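>>> just to be clear, the model below is a prediction. Sequence and coordinates:
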6 protein chains.
Amino acid sequence: MNRYPAPTLDQVPEDIRARILEVQDKAGFVPNVFLALARRPAEWRAFFAYHDALMTPETVGRESGLTKGEREMIVTATSAANGCLYCVVAHGAILRIYEKKPLVADQVAVNWRKADITPRQRAMLDFAMKVCLRSNEIEEADFPPLHAHGFSDEDIWDIAAITAFFGLSNRMASFSNMQPNPEFYLMGRVPKGK
Amino acid sequence: MNRYPAPTLDQVPEDIRARILEVQDKAGFVPNVFLALARRPAEWRAFFAYHDALMTPETVGRESGLTKGEREMIVTATSAANGCLYCVVAHGAILRIYEKKPLVADQVAVNWRKADITPRQRAMLDFAMKVCLRSNEIEEADFPPLHAHGFSDEDIWDIAAITAFFGLSNRMASFSNMQPNPEFYLMGRVPKGK
Amino acid sequence: MNRYPAPTLDQVPEDIRARILEVQDKAGFVPNVFLALARRPAEWRAFFAYHDALMTPETVGRESGLTKGEREMIVTATSAANGCLYCVVAHGAILRIYEKKPLVADQVAVNWRKADITPRQRAMLDFAMKVCLRSNEIEEADFPPLHAHGFSDEDIWDIAAITAFFGLSNRMASFSNMQPNPEFYLMGRVPKGK
Amino acid sequence: MNRYPAPTLDQVPEDIRARILEVQDKAGFVPNVFLALARRPAEWRAFFAYHDALMTPETVGRESGLTKGEREMIVTATSAANGCLYCVVAHGAILRIYEKKPLVADQVAVNWRKADITPRQRAMLDFAMKVCLRSNEIEEADFPPLHAHGFSDEDIWDIAAITAFFGLSNRMASFSNMQPNPEFYLMGRVPKGK
Amino acid sequence: MNRYPAPTLDQVPEDIRARILEVQDKAGFVPNVFLALARRPAEWRAFFAYHDALMTPETVGRESGLTKGEREMIVTATSAANGCLYCVVAHGAILRIYEKKPLVADQVAVNWRKADITPRQRAMLDFAMKVCLRSNEIEEADFPPLHAHGFSDEDIWDIAAITAFFGLSNRMASFSNMQPNPEFYLMGRVPKGK
Amino acid sequence: MNRYPAPTLDQVPEDIRARILEVQDKAGFVPNVFLALARRPAEWRAFFAYHDALMTPETVGRESGLTKGEREMIVTATSAANGCLYCVVAHGAILRIYEKKPLVADQVAVNWRKADITPRQRAMLDFAMKVCLRSNEIEEADFPPLHAHGFSDEDIWDIAAITAFFGLSNRMASFSNMQPNPEFYLMGRVPKGK
């Protein structure tokens, strides 16, 4: 279904395979993006290095005022605004898990203004959507409302950078017709115990 | 003028400083993006690794059917569509130099449909603008017109990826109010000999 | 959460209560729209009479060339285009059940162009989206492509009318902040046997 | 001119014919919408039941804080926003008559911000246009300005529901190329006495 | 109602007064635009010189392949697209008179695609709307369809220039809140003999 | 490259030639617009009479609160919003010269919100862009912010009229594929002394 053929696991360079195996080990399957982008190893490495620097800041020795759930909330809202099927489904799944809210991903994807999120998170998505859709109009007046909700300038950089990075990811996935793994659709929807 | 304070050259990690000095050596000045992003070294490294993988594919052992000028043409058109001052001015300068056409960057930035470029380059920008503005609508029918102009599927990936990557760059520059170095505005406008 | 208080089941007129009990019997719960609109019985009756005339044409002695799944596909795509949380979640659930495809609703809601549907269904949604977003531009030339996929003029009326009716429904639900019942989110995602 | 053939008066069910004759008696002609929709009696009945519940609330035992003229003002502005020829012309005529202002319908249709209406009516149309064009963005903050002009929550429901219902009507009329009766164009423009 | 006070007839320069009296003589009243713009005589003179060169080409020794009615059709469609109350009402009146069609102006203003006009006129308005709304996208491919309908390159210049000139007029009228004379609303709607 | 053949200098009427020679004398070359429009002398005369009344008000005995640089700033921003290559390049050149700021034209053209201009000039461009893109929405509330920056009502007329006039100019230049003279691209970028 992918417009561009993805390599198999044994066709990718060793460092990439190691990371993919690690992900597979944790998730139980290999998210399609890992193999789809691996056909160009240099881009793969840059993509995931960027991803990790923003989404797991502790891996690059940085702390962030955003929770893991908030970061995925930004990704889900951005990906919905860009109409990216892969990223809405994949990151919506992670959002459900991190926030422990089985309904929140669909809410954020369809209409974040109606989602069951905090006023702080709403202000965060308001800003993220401006970066996503009208970044040329951002101005100093956009910062104080975020400060009022406790976001530092570094947190605001995180919001903008996550939005910008997944705008790149959305365009690559849509352009190449990347399909989400079926597993993502159900993840985080059913309580573990059941 | 930058919304976020940039580090000085002696405050950045050694590998980043080395690259910056190399650029300074070649260009005669340090383009602001190099210091502005260096406040977060991990993101800096991912950003420039991605940049190099797409813009100087030979550095990652890859060939591309796009010329250096065509790549900068995509960057300039994308940055104009996103209203990014830094990238239009900086990459417009490089476009003028690579294409040896002092007028082409302003043409592409204001209205690429009126620019003095080839039909092939126009088809390229047509596709790039769809990736930039309506990536969710891309479909199989968008590929054959590009093939007809001699672009391979790999070249098309390049067009899409450059557009997507600079969409990220544009959002970061606009959000943080990055200003182009004054030197860029004039570069490539006056014949060297004069 | 609803902006307007909904009546309880014992506060609504007898005919409305009868229908609601019937739905509850079948679904296992009362979809919020049934009580939310019941605060105005005359509008409730018109709304569901219209709904039934389009969505269960056999109840008004009419046949339709659209399958039940196709009708829900139109509702889901329309509701996503209008950003209506209630209708995307509720009708997405019904779509999954009718089509027996646990993934199709999220695909149609996020980007119907990438959904796992037939070319006929894609042409159907193409037309529905024109009715939804640019009905003033519809012209004779929009009909032959639908005929080519086997849709009769009556079927095309169905596509248009379902799109138009749920545009009304979407506006009412969004304006009054109607929330989907939690049950909808999971319906049709897990095979029955499990 | 209609894309779909309309039945003649003697082809429609008795209850529909009775209503049409009543309208004809009052208006002097049969507005095209009555016959055009009558080709599907069940939809016709639901349509006019909904119409009456909103436009003549007294017929369903309800009072409304909106005047008859204000209701037609909403219809005219909505229909203009949706580019629906039938509804702008037909309801513009009724608006002129109810408001006893021969100029107001053209003003509301072309640019309601410049129309000779009260500040209360302007706030009403402001909200109606948000329901019409961006219903997904409606939020609690949209209500207090309407309360300040004396609109109750029930009146606001009326504004939203009339806008939503005629959005449906507009799409049906535009899609099926319904043409306004020539009589509508002049109604209410010339003082009766002349 | 005008945002800017208009001079009285005896306050304007002699040449302007002469033209205004001539118009008054012909129309029976002074269209507001003549006095509203006269507060700046130099701009008035340029405005009407431009107007005449395009709308009455015979006064500047030029012939046009557009009929008088077609020229007013372009003005009405352009003014509707720009939401200009003054120009839609005033030029809609003239359109009705020239075309001897009491219904055509409302049709063109609300939705020109549904108007009772010829295919040639529809192609003409199609092009005019592109000049009005997306002039940057006009390209060589836009000309042959017009040639096929018998428009020469000079006629096409007329279409574009009339659209462009009334875009100026629309912005001046809307910005200064110019109101159409009440007389315009009814002109051309009632057969003369009656 | 022009879609319409331009006359040569000896083919144009005497008064037009005189003005063109005067411009050539001052600028060192004949800006293309002067010959391109001269194929229709009556329109040429009206165009430049309008231009002069707004851009050199002293030639019509009027003073303006806008500086020459501010007027060109409006032209450059308007032309960029309309995607008009000729006007951005030609008037950007004049803007650089009047403001004695070699960088300001590119800044205003790419993203005026990021340009090195005063808050007063930003308010001016804010209003100009509303006239350019949404003139139908202008209302009384748009005026006080301009008054607060010292703009009189007459100055505001100037802002609106310049925006409206160059909207006309932009459409004519784009439609006819008018190309800027190469000389414009470099004007005002290099200090004279060098």
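Structure received.

>>> which parts of chain A sit against chain D?
Taking Cβ under 8 Å from any Cβ of the partner chain as the measure of proximity, chain A contacts chain D at A:111, A:113, A:114. Where you see a C-beta, it was placed from the backbone N, CA and C, and this is true even at glycine.

>>> which one of those residues is nearest residue E:46?
Closest approach to residue E:46 among the residues of chain A next to chain D (Cβ to Cβ): residue A:113, at 48.5 Å.

>>> wait, doesn't the closest one sit right on residue D:137?
Yes - between residue A:113 and residue D:137 a contact is recorded at 6.4 Å, counting by Cβ atoms under 8 Å.

>>> ok, the two, which is more surrounded?
residue A:113 (20 against 13; other Cβ atoms under 10 Å in any protein chain shown).

>>> how about the contacts made by the more buried one?
Residues counted as contacts of residue A:113 (Cβ atoms under 8 Å, 6 or more residues apart in numbering or on different chains) are A:122, D:136, D:137, D:139.

>>> what's the neighbour count on the last one?
The criterion is other Cβ under 10 Å. On that basis, residue D:139 has 14 neighbouring residues.

>>> now it. Nearest residue, chain neighbours left out?
Distances taken as Cβ to Cβ, 6 or more residues apart in numbering or on different chains place residue A:113 nearest to residue D:139, at 6.3 Å, with adjacent residues excluded.

>>> helix/strand/coil for that neighbour?
Under DSSP: H, G, I helix; E, B strand; the rest coil, the three-state class of residue A:113 is helix.

>>> okay, it: pLDDT?
Looking at residue A:113, its pLDDT reads 97.

>>> contact partners for residue A:21?
Contacts of residue A:21 (Cβ under 8 Å, 6+ apart): residue A:9.

>>> quick one, phi/psi of it?
Dihedral pair for residue A:21: phi -60, psi -40, per degrees, to the nearest 10.

>>> how near is the residue in chain A positioned nearest to chain E to chain D?
Across chain A, no residue is closer to chain E than residue A:136, which sits at 17.2 Å (Cβ to the nearest Cβ). According to Cβ to the nearest Cβ, to the nearest Å, residue A:136 stands 21 Å off from chain D.

>>> remind me, longest helix of chain A?
Counting by DSSP state H, the longest helix found in chain A is helix A:153-175.

>>> and residue A:155, how many residues sit next to it?
Neighbour count of residue A:155, defined by other Cβ under 10 Å: 18.

>>> ah, wrong one, I meant residue A:23
16.

>>> so it is in which element?
helix A:14-27 (DSSP states H and E).

>>> buried stuff in that helix?
For helix A:14-27, a neighbour-count test (16 or more other Cβ atoms under 10 Å in any protein chain shown) marks A:16, A:17, A:19, A:20, A:23, A:27 as buried.

>>> quick check: of the residues of chain A next to chain D, which lies closest to residue B:190?
Ranked by distance to residue B:190 (Cβ to Cβ), the residues of chain A next to chain D are led by residue A:113 at 51.7 Å.

>>> how close does the closest one get to residue D:136?
Using Cβ to Cβ, to the nearest Å, residue A:113 is found at 7 Å from residue D:136.

>>> same check, this time on residue A:12
Separation of residue A:12 from residue D:136 (Cβ to Cβ) stands at 42 Å.

>>> not counting its neighbours along the chain, what's nearest the residue nearest the centre of chain A?
Nearest to the mean C-alpha position of chain A, counting by Cα atoms, centre = their mean, stands residue A:75 at 3.7 Å. Computed as Cβ to Cβ, 6+ apart, the closest residue to residue A:75 that is not its neighbour in sequence is residue A:91, at 4.2 Å.

>>> correct me if wrong: that neighbour contacts residue A:82.
No - Residue A:91 is beyond contact range of residue A:82, at 11.9 Å (criterion: Cβ under 8 Å).

>>> give the residues shared as contacts by the two.
Shared contacts of residue A:91 and residue A:82 (Cβ under 8 Å, 6+ apart): residue A:166.

>>> more neighbours: which of those two?
residue A:91 (29 against 25).

>>> residues contacting the helix or strand encompassing that one, please?
Element membership for residue A:91 (DSSP H and E) is helix A:85-99. Contacts to helix A:85-99, defined as Cβ under 8 Å, 6+ apart, come from residues A:31-33, A:67-69, A:72-73, A:75-76, A:78-80, A:102, A:104-106, A:108-109, A:166, A:169-170, A:173-174, A:178-181, A:184-185, A:187-189, C:106-107, C:110-111, C:114-115.

>>> what subset of those is buried?
Among the contacts of helix A:85-99, those classed as buried by 16+ other Cβ under 10 Å are A:31-33, A:69, A:72-73, A:75-76, A:78-80, A:102, A:104-106, A:108-109, A:166, A:169-170, A:173-174, A:178-181, A:184-185, A:187-189, C:106-107, C:110-111, C:114-115.

>>> and the next element down the chain from the longest helix of chain A?
helix A:182-186.

>>> tell me the mean pLDDT for that next one?
For helix A:182-186, mean pLDDT rounds to 97.

>>> and if you look at stretch A:128-146?
What stretch A:128-146 shows for mean pLDDT is 98.

>>> which parts of it are buried?
By 16+ other Cβ under 10 Å, the buried positions in stretch A:128-146 come out as A:128, A:129, A:130, A:131, A:132, A:135, A:136, A:138, A:142, A:146.

>>> for it, measure first residue to last.
End-to-end span of stretch A:128-146 (Cα to Cα, to the nearest Å): 11 Å.

>>> what distance separates it from the centre of its chain?
Its chain's C-alpha centre and that of stretch A:128-146 lie 19 Å apart, by Cα atoms, centre = their mean, to the nearest Å.

>>> now swap in stretch A:63-82 and tell me
The chain centre lies 6 Å from the centre of stretch A:63-82; the measure is Cα atoms, centre = their mean.

>>> leaving out chain neighbours, which residue sits closest to the residue in chain A that chain F sits nearest to?
Using Cβ to the nearest Cβ, residue A:136 is the residue of chain A that sits closest to chain F, at 5.1 Å. Nearest non-adjacent residue to residue A:136, counting by Cβ to Cβ, 6+ apart: residue B:83, 2.9 Å away.

>>> the longest helix of chain A packs against which elements?
helix A:41-55, helix A:68-81, helix A:85-99, helix A:119-134, helix A:144-148, helix B:119-134, helix B:153-175 (3 or more Cβ pairs under 8 Å, 6 or more residues apart in numbering or on different chains; DSSP states H and E).

>>> okay if I get those as TSV plus distance to residue D:152?
Output for the helices and strands packed on helix A:153-175, formatted as TSV (distance: least, Cβ to Cβ, whole Å):
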stretch	distance to residue D:152
helix A:41-55	48
helix A:68-81	34
helix A:85-99	37
helix A:119-134	27
helix A:144-148	31
helix B:119-134	42
helix B:153-175	43
